[in-house]
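Asker: Any chance you could fold what I've pasted below:
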Amino acid sequence: MALVNVAALRFTFSALFRSRSAASDFQVLQIRRSFFMKPVVMRARQPARTENAKTLNRRMQKKYNGTPTKPRLSVFCSDKQLYAMLVDDQNKKCLFYGSTLQKSIRQDPHCSTVEAAKRVGEELIKACNDLNIGEILSYDRNGFATGERIQALEIAIAEYGFLSR
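Answerer: Next comes the predicted model:
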């Protein structure tokens, strides 16, 4: 409930019964404007529809199914690590799996995750050559933005012609 100033609500006899006093009519109009007239504000119902990245990714997975000769490259990027998989959707198999956590990729001395992501890309290229894969059907980032680790992986793969920059 709104608080009302009691002093502003006091009317004179002439204001209530519409007598001809010009001063009291002016006061009533002032009171009516301040209490009863509100500005009209028009607002749109909702902002324009923007699609969730995860929803868009699920729809794209339905459209692009990997095969043994042209697999789908799926990349997951957590807060600290990067994971990459070559997926054969027809046979529901993972042809290659690499992450920045693997000891073979991290090696001694330990490297940063960006350098490890580049090494994951190089391992992916070696696996593609071993499996006689000449082309990647689709590149699936799972709705993640292109950060440093994903860019390092993309650069390593694009050098061998699997991704177009």
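Asker: Only C-alpha atoms from now on, for both contacts and neighbour counts.
Answerer: Fine.
Asker: Residues contacting stretch 121-138, please?
Answerer: Residues from elsewhere that reach stretch 121-138, judged by CA atoms under 8 Å, 6 or more residues apart in numbering: 64-66, 68-73, 96, 98, 152-154, 156-157, 160, 162-163.
Asker: Just the buried ones from those?
Answerer: 65-66, 68, 70-73, 96, 98, 152-154, 156-157, 162-163 (16 or more other CA atoms under 10 Å).
Asker: before we move on, back to that, return the subset of the contacts of stretch 121-138 lying in helices.
Answerer: 152, 153, 154, 156, 157 (DSSP state H).
Asker: ok, which stretches of this structure are strands?
Answerer: 72-77, 82-88, 93-99, 138-140 (DSSP state E).
Asker: want to try a markdown table for these, with distance to residue 115 as columns?
Answerer: Putting those into a markdown table (distance: least, CA to CA, whole Å) gives the following:
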| stretch | distance to residue 115 |
| --- | --- |
| strand 72-77 | 14 |
| strand 82-88 | 11 |
| strand 93-99 | 12 |
| strand 138-140 | 20 |
